[in-house]
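> model the following, please.
(one chain, ligands or ions: 1)
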Amino acid sequence: MATQTRPLSSQLLEDNEDDDRLCYPDITAPPTEHSGQIGRPNGYLTGESRIERAWAHWKKLGQPKLIVAPMVDNSELPFRMLCRKYGAQAAYTPMLHSRIFTENEKYRSQEFTTCKEDRPLFVQFCANDPDVLLDAARRVEPYCDYVDINLGCPQRIARRGRYGAFLMDNLPLIKSLVEKLADNLNVPVSCKIRMFPDLQDTINYAKMLEDAGCALLAVHGRTRDEKDGKKFRANWNVIKAVRNAVRIPVLANGNIRHMDDVRECLEETGAEGVLSAESLLENPALFSGYRTAEWVLGSEEINKEGKLDQADLLVEYLKFCEKHPVPWRMIRSHVHKMLGEWFRIHPNIRDDLNAQYKLTFEFLYDIVNRLRELGVKMPLFVMGSDDYSLSSHRSVV
Ligand SMILES: Cc1cc2nc3c(=O)[nH]c(=O)nc-3n(C[C@H](O)[C@H](O)[C@H](O)COP(=O)(O)O)c2cc1C
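Down below sits the predicted model:
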């Protein structure tokens, strides 16, 4: 993982100034046995039937290809809604800490919010105790399409907390986490993994997950030591090898910067879909064919300057935030990501933002207006060759 994952403890301590405006599912109640909506858990199924069921579920969801990756503090509801509006066909929540989720009501209501248009949805947990994970998962299963296990977080906090990619040192524990969910939940369990340095180890790992009941596997084509996504290119060959070795749907993750990457990745790996993270933060309209200047300069194929720019997208994001309140730290992070290039030209406006301890929507809309008045122009581009057949530019309000 290339950028910041803030300590969960500090997330917990930070107050949401809009506390009483959070109005989402009642996940505060203790979970009920098998409260989900898609029938019986996997526990009674044979291996063959599990595979069939995994595909049937994937098909029922419309086989989404363009997917918002899980991002702590960044793939929250308003951002997911913005990406869905611009072509994303499914999305992951940020990683939620299963133990804290079961213990702390405030954490639950602040960190997991959703709405009925927010589907298909993967809810991701980190965990190292199967019973705790199941307790957490049961609380969200009525509101999602997969409960996902984070097996890829490479950060120091994950090492200390014994979760994420550090569970790769304890495969029997991973197996028990997956089995626990697969045998007891009504929604399927998915896993997001990183690769081992050795290809055969990675393939054996993926097969173990499939045998344990994992119904969908997202493969990030980097090892846990390759933390910097800008420095290390994701290895699509490994994703392809995993895709060929297992029978459940596989998603590819890493190096998706624009729609040409999507097409190439799907072709090269054979994966069912792709996840994008960092590039979407800068350009949430990526899945609609828009790209930032970085990916068009020098190309002769540009045929039009799109009608959008990042400030437009930020304004749309802020509107979603007004409708679906989230902690200000998440909003602040998106302002920096979406307006990063603009701030490089006018660092004084970034300084004003940084100096503003307590944010308001009025202040943020004003930032956008000031940049526009200064005449900053940074359109997103649409390439001549981009067709949108992969994307669905849906109307989400
Ligand atoms: C800000 C940020 C937060 C992230 N948080 C998570 C997370 O909560 N769970 C997870 O599995 N991966 C997380 N990741 C990793 C991404 O999901 C993704 O695997 C990685 O960034 C590679 O994709 P990319 O090359 O498209 O950026 C995060 C990445 C970023 C940039």
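
> ok, then the element right after the lowest-mean-pLDDT helix or strand in the chain?
Least confident element among the helices and strands of the chain, by mean pLDDT, DSSP states H and E: helix 8-13 (a mean of 34). Going down the chain from helix 8-13, the next helix or strand is helix 47-60, by DSSP states H and E.

> could you give the separation of that following helix from the chain centroid?
Taking the mean of its C-alpha atoms, helix 47-60 sits 23 Å from the chain's own mean (C-alpha atoms, centre = their mean, to the nearest Å).

> same question for stretch 168-175.
Relative to the centre of its chain, stretch 168-175 is centred 23 Å away, using C-alpha atoms, centre = their mean.

> does it reach the ligand?
No: Stretch 168-175 stays out of contact with the ligand when judged by C-beta under 6 Å from any ligand atom, the minimum separation being 13.4 Å. Yep, even glycine has a C-beta here, placed from its N, CA and C like the rest.

> could you give the mean pLDDT of that stretch?
For stretch 168-175, mean pLDDT is 97.

> do stretch 155-162 as well
Computed over stretch 155-162, the mean pLDDT rounds to 92.

> and for stretch 329-349?
96.

> contacts for it next, please.
6, 11, 14, 73-74, 76, 78-79, 281-282, 284, 292, 310-311, 313-314, 317-318, 321, 350, 353, 359, 364, 367-368, 370-371, 374, 376, 378 (C-beta atoms under 8 Å, 6 or more residues apart in numbering).

> just the ones of these in strands?
Residues of the contacts of stretch 329-349 located in strands (DSSP state E): none.

> and the ligand, which of those residues reach it?
When contact is defined as C-beta under 6 Å from any ligand atom, the contacts of stretch 329-349 meet the ligand at Asn74.

> restricted to buried residues, select the contacts of stretch 329-349 in PyMOL.
Selecting only the buried entries of these in PyMOL, with 16 or more other C-beta atoms under 10 Å as the criterion:
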select buried, resi 11+73+74+76+78+79+281+282+284+292+310+311+313+314+317+318+321+350+353+359+364+367+368+371+376
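
> show me the contacts of stretch 329-349 that map onto helices.
The helices, defined by DSSP state H, take in 11, 78-79, 281-282, 310-311, 313-314, 317-318, 321, 350, 353, 364, 367-368, 370-371 from those.

> quick one: the helices in the stretch 101-250 of the chain?
Taking DSSP state H, counting those that start in this stretch, the helices of the stretch 101-250 of the chain run over residues 105-111, 130-140, 156-161, 171-184, 199-212, 236-245.

> distance to Phe343 and mean neighbour count added to the ones you listed, as CSV?
Shown next, in CSV, are these (distance: least, C-beta to C-beta, whole Å; neighbours: other C-beta atoms under 10 Å):
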stretch, distance to Phe343, mean neighbour count
helix 105-111, 27, 19
helix 130-140, 36, 22
helix 156-161, 28, 16
helix 171-184, 41, 20
helix 199-212, 39, 18
helix 236-245, 33, 20
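
> between the ones you listed, which one is nearest to Arg53?
helix 171-184 (10.4 Å; C-beta to C-beta).

> tell me the residues of the stretch 151-300 of the chain that contact the ligand?
Contact residues, the stretch 151-300 of the chain versus the ligand (C-beta under 6 Å from any ligand atom): 152-153, 192, 220, 229, 253-256, 276-279.

> quick one: least confident of those?
Gly229 (83).

> and that residue, how far from Ala136?
According to C-beta to C-beta, to the nearest Å, Gly229 and Ala136 sit 28 Å apart.

> now swap in Leu167 and tell me
Leu167 is 16 Å from Ala136, where distance means C-beta to C-beta.

> which residues touch the nearest residue to Arg162 once chain neighbours are set aside?
Nearest-residue entry for Arg162: Asn128, 4.8 Å, with adjacent residues in sequence omitted and distances by C-beta to C-beta, 6 or more residues apart in numbering. Residues near Asn128 by C-beta under 8 Å, 6+ apart: Gly161, Arg162, Tyr163, Leu167, Leu173, Leu177.

> distance check, the fourth one against Leu286.
Distance of Leu167 to Leu286, given as C-beta to C-beta: 30 Å.

> equivalent analysis for the first one, please.
Using C-beta to C-beta, one gets 31 Å for the distance from Gly161 to Leu286.

> likewise the fifth one?
Counting by C-beta to C-beta, the gap between Leu173 and Leu286 amounts to 36 Å.

> kindly report the same for the last one.
Leu177 sits 32 Å away from Leu286 when distances are taken as C-beta to C-beta.

> one more: Glu268?
For Glu268, the distance to Leu286 (C-beta to C-beta) stands at 19 Å.

> so for these two, which sits in the more crowded spot?
Set Glu268 next to Leu286 and count neighbours by other C-beta atoms under 10 Å: Leu286 wins out with 29 against 13.

> touching, that one and His258? I think so.
Yes: between Leu286 and His258 a contact is recorded at 6.2 Å, counting by C-beta atoms under 8 Å.

> what residues are shared contacts of the two?
Counting by C-beta under 8 Å, 6+ apart, the common neighbours of Leu286 and His258 are Ser279.

> worst average pLDDT in the helices of the stretch 101-250 of the chain?
Lowest mean pLDDT of the helices of the stretch 101-250 of the chain: helix 156-161, a mean of 92.

> low pLDDT regions in the stretch 1-150 of the chain?
By pLDDT under 70, the low-scoring segments of the stretch 1-150 of the chain are 1-44.

> just the element for Val382, please.
Using DSSP H and E, Val382 maps to strand 379-383.

> elements contacting that strand?
Contact partners of strand 379-383 among helices and strands, from 3 or more C-beta pairs under 8 Å, 6 or more residues apart in numbering; DSSP states H and E: strand 290-291, strand 302-309.

> quick one: strands adjacent to it?
Its sheet considered, strand 379-383 pairs with strand 290-291 (antiparallel), strand 302-309 (antiparallel) by DSSP bridges.
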